[in-house]
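Engineer: Following is a predicted model, sequence given first.
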Number of protein chains: 2
Amino acid sequence: MNVNLKQLAEMLGLSQTTVSRALNGYPEVNAETRQRVLSAVRETGYRPNRAAQRLATGRAGSIGLVMPIAQGIDSDVHFGEFLAGLGEESVRHDFHFVINPSAPDDEEATFKRLAASGNVDALFLAYVRANDPRIAMLKSLSIPFVVHGRAIGQPADYPFLDIDNTAAFYDAARLLIQLGHRRIALINGPANLTFSIRRKKGMQRALEENGLPFDESLSQHSLMTDEYGHRAMQQFFERDEPPTAVLCSSTVIALGAVRAINKVGLQLGTDISLIAHDDVLPMLKPENFSVPLTTTRSSLRAAGSRIAARLISRIMKTGDYPDQELWRAELIVRASTGPAPKS
Amino acid sequence: MNVNLKQLAEMLGLSQTTVSRALNGYPEVNAETRQRVLSAVRETGYRPNRAAQRLATGRAGSIGLVMPIAQGIDSDVHFGEFLAGLGEESVRHDFHFVINPSAPDDEEATFKRLAASGNVDALFLAYVRANDPRIAMLKSLSIPFVVHGRAIGQPADYPFLDIDNTAAFYDAARLLIQLGHRRIALINGPANLTFSIRRKKGMQRALEENGLPFDESLSQHSLMTDEYGHRAMQQFFERDEPPTAVLCSSTVIALGAVRAINKVGLQLGTDISLIAHDDVLPMLKPENFSVPLTTTRSSLRAAGSRIAARLISRIMKTGDYPDQELWRAELIVRASTGPAPKS
DNA sequence: TTCAAAATTCAAAGCGCTTTGAGTTTGCTA
DNA sequence: TAGCAAACTCAAAGCGCTTTGAATTTTGAA
């Protein structure tokens, strides 16, 4: 049978107070006493009862997640990968999850309900949209939260973790331009999500700076699936002057795009160049493509784990992570990019 | 501010005991009193504090999940979809999750740790392997659990939910045979997972019953990804006599297989037939393929939700679900199957 | 009308932890 | 050697719920 605090204290001839303090790192405990306590914990395998802790501290010890169940988002590979990171870190701190699947139009209500339930002491928001009303709502909720991504068109006065999507696609586009490409296409994520908007902006900026026009008809929005990637690329090939290079918002999209490229008999990296954003999905490594893909890389799992760490630290009031983080994606050149073909 | 039980009882001029009993459906409460309590709950928006409930009842109110982080399984689309179902049902009962990512060789230890931690009052096991030692371990753990799938080679004396994989692929293979196909290939899931083993067996049985040989070289195991599906199909096409039909263990695999089929210029449903197992992934609908796929269908999300319901009912000792369920997959014929081509 | 049984209701004791406010030691200064 | 702050340690009071065992009221047969 598991021991509890009382028994542990008895064994040690100490009061529960002291043992509790020793365990929770309070300073007013004699170093030697603390060592005794810790080794007793090791021997007995004592684990504090989380329910009791929660009751006593008023902290729920869990993080609320709203799992979007919209078409093309839910059970998205990307979400699963992110979740793995979140889980990894949470479990380390013995935190739970409350996963709330919710339709997009019901998300705000879901968040409110979650926060009010007292069952979670932090919330997490993803799939940020352009002028996302959910952020203002979260701010009003007086419960810690972290946004994965950033809104556009409102001050960024809330905790977030985002990657610098603008810079990533700026860098990618610039490389292509330097390689001589002039007709560059974009297969982006859903149009209403901010990461898509920023990636497009990054690409536009690179073109502008080099005096090149941005051709709206060479830019498509799509769900982050193979299928849509394929469809989008096919449409580009129906043009009189197909693009000589393409940027993809995900390696999953790239999968479909590469398929379309092969189908028309072009050689990737020679006849046409491709750069994809790589979320480091373990089942889809850019280096395993028949022609390894040049990518902008940033691990989604790492982001999940970081967000969990930040949320938990906010809840426990320990450590001090920065409140806002903008990660820079790495541009990794592989074989799928090459000089523009002579036309 | 949220009211608590004490305040609620005071308002009603009742004792906490009575209110608590009224809420938890105990019989010894006057019907009228119960009504008063319930309407007071509605007015005040009272929600019991879960931590207190957990502490008092000794139930953790959460389900332990071991999220496999092996290559090709983790952040698997299929897992995400299953999770959505599990989440849907759990949240309805205010249950939490504890997601424990774990490497395969550490899974047993992870389960033990979870069970011992007292943080969960039910466990869930998936990705069952042939003679899975984890099941015996779960049985020894004296904590409710449900297995998604079934082991092979040991008595099925534990709670499970599985689909009849043998029957599904038996039916699928039989249809192909009836259509005149003789060389039927199989692109299966990982070789060590029981669903793969059973699907293969189902196919073998159908062939045998019709006096056809099972050609081991026409059977491949693969991760459940597009990439591997593509690769496997390509290999079949390198044979002197390629198959005229193929069974795929997932629509994700089918995606790659179809790609390979297109590449060699064959017409799906005419030159070659394909049947895939459809887990009802919202992002990959068989009817959306350029040639709609014939499938054996069983919703993974529904399975998740059912398992959650069963676990919760076991924990709360309410209702009585069957302990073992074998769901039958539906065989849905679409355009990807047709008579075998004249050779 | 009476009284035991059935139907309700209640006070109080936990569940296992944290934390407050008050002791008890110890170490220095004067 | 007294006296006081600093360093430790402790007893006890919750946190908000469930549940036990007892008290009270109602019901119905005698």
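Structural biologist: Yep, it's here.
Engineer: Chain neighbours aside, what residue packs nearest to residue A:173?
Structural biologist: Spatial nearest neighbour of residue A:173, excluding adjacent residues (C-beta to C-beta, 6 or more residues apart in numbering or on different chains): residue A:206 at 3.6 Å. Placement of C-beta: from N, CA and C, glycine included.
Engineer: I'd like to know which elements the helix or strand that contains that neighbour is packed against.
Structural biologist: Using DSSP states H and E, residue A:206 maps to helix A:194-209. If you count contacts as 3 or more C-beta pairs under 8 Å, 6 or more residues apart in numbering or on different chains; DSSP states H and E, helix A:194-209 packs onto helix A:165-178, strand A:184-188.
Engineer: Please name every helix or strand in contact with the helix or strand following that helix.
Structural biologist: Toward the C-terminus, helix A:194-209 is succeeded by strand A:219-221 as the next helix or strand (DSSP H and E). The helices and strands touching strand A:219-221, judged by 3+ C-beta pairs under 8 Å, 6+ apart, are strand A:184-188, helix A:226-237.
Engineer: so of those, which one's packed in deepest?
Structural biologist: Using mean count of other C-beta atoms under 10 Å in any protein chain shown, the stretch among those with the largest mean neighbour count is strand A:184-188, at a mean of 27.
Engineer: quick one: average confidence on the helix holding residue A:206?
Structural biologist: Here helix A:194-209 scores 98 as its mean pLDDT.
Engineer: re the thing from before, packed most tightly, which of the helices and strands packed on helix A:194-209 would that be?
Structural biologist: By mean count of other C-beta under 10 Å, the helices and strands packed on helix A:194-209 have strand A:184-188 as the most buried, with a mean of 27.
Engineer: name the helices or strands packed onto that strand?
Structural biologist: Counting by 3+ C-beta pairs under 8 Å, 6+ apart, strand A:184-188 packs on helix A:165-178, helix A:194-209, strand A:219-221, helix A:226-237, strand A:245-248.
Engineer: Quickly run through the sheet partners of it, with directions.
Structural biologist: Using DSSP bridges, the strands paired with strand A:184-188 are strand A:219-221 (parallel), strand A:245-248 (parallel).
Engineer: Of all these, which one is nearest residue B:138?
Structural biologist: For residue B:138, the closest of the strands paired with strand A:184-188 is strand A:245-248, at 42.8 Å, according to C-beta to C-beta.
Engineer: contact partners of that closest one?
Structural biologist: For strand A:245-248, contacts defined as C-beta atoms under 8 Å, 6 or more residues apart in numbering or on different chains pick out A:169, A:172-173, A:176, A:179, A:181, A:183-187, A:199, A:203, A:229, A:233, A:236, A:254, A:257, A:272-277, A:337, A:340.
Engineer: How about stretch A:289-297?
Structural biologist: With C-beta under 8 Å, 6+ apart, stretch A:289-297 has contacts from A:168-169, A:171-172, A:175, A:251, A:254, A:258, A:267-269, A:273-278, A:280, A:286-287, A:329-337.
Engineer: Repeat the analysis, applying 7 Å as the threshold.
Structural biologist: Where contact means C-beta atoms under 7 Å, 6 or more residues apart in numbering or on different chains, the residues beyond stretch A:289-297 that reach it are A:168, A:171-172, A:251, A:254, A:258, A:268-269, A:274-278, A:280, A:286, A:329-337.
Engineer: that older thread, mind giving me a markdown table with the strands paired with strand A:184-188 and columns for mean pLDDT and mean neighbour count?
Structural biologist: Formatted as a markdown table, the strands paired with strand A:184-188 follow (pLDDT from 0 to 100; neighbours: other C-beta atoms under 10 Å in any protein chain shown):
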| stretch | mean pLDDT | mean neighbour count |
| --- | --- | --- |
| strand A:219-221 | 96 | 19 |
| strand A:245-248 | 98 | 30 |
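Engineer: closest to residue A:325 out of those?
Structural biologist: strand A:245-248 (24.1 Å).
Engineer: Only alpha carbons, please: show that closest one as CSV.
Structural biologist: The C-alpha trace of strand A:245-248 is given here as CSV (Å, rounded to 0.1, in the frame of the first residue of the first chain):
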residue,chain,number,x,y,z
ALA,A,245,9.3,27.2,-58.0
VAL,A,246,6.8,26.7,-55.3
LEU,A,247,6.6,27.3,-51.5
CYS,A,248,4.5,24.9,-49.5
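Engineer: chain center to that strand, what's the gap?
Structural biologist: Its chain's C-alpha centre and that of strand A:245-248 lie 22 Å apart, by C-alpha atoms, centre = their mean, to the nearest Å.
Engineer: can you check stretch A:216-226 too?
Structural biologist: With C-alpha atoms, centre = their mean, you get 20 Å for stretch A:216-226.
Engineer: cool, stretch A:131-150 as well?
Structural biologist: Its chain's average C-alpha position is 16 Å from that of stretch A:131-150, according to C-alpha atoms, centre = their mean.
Engineer: Which residues outside it are in contact with it?
Structural biologist: Taking contacts as C-beta under 7 Å, 6+ apart, the residues outside stretch A:131-150 that touch it are A:107-108, A:111, A:115, A:121-126, A:128, A:151-154, A:156, A:158-162, A:194-195, A:303, A:307, A:310-311, A:314-315.
Engineer: and the residues you listed, which of them are in strands?
Structural biologist: Among the contacts of stretch A:131-150, the members falling in strands (DSSP state E) are A:123-125, A:160-162.
Engineer: how about the helices in the stretch 201-343 of chain A?
Structural biologist: A:226-237, A:251-263, A:300-316 (DSSP state H, counting those that start in this stretch).
Engineer: In which helix or strand does residue A:8 reside?
Structural biologist: Here residue A:8 is covered by helix A:5-12, with elements defined by DSSP H and E.
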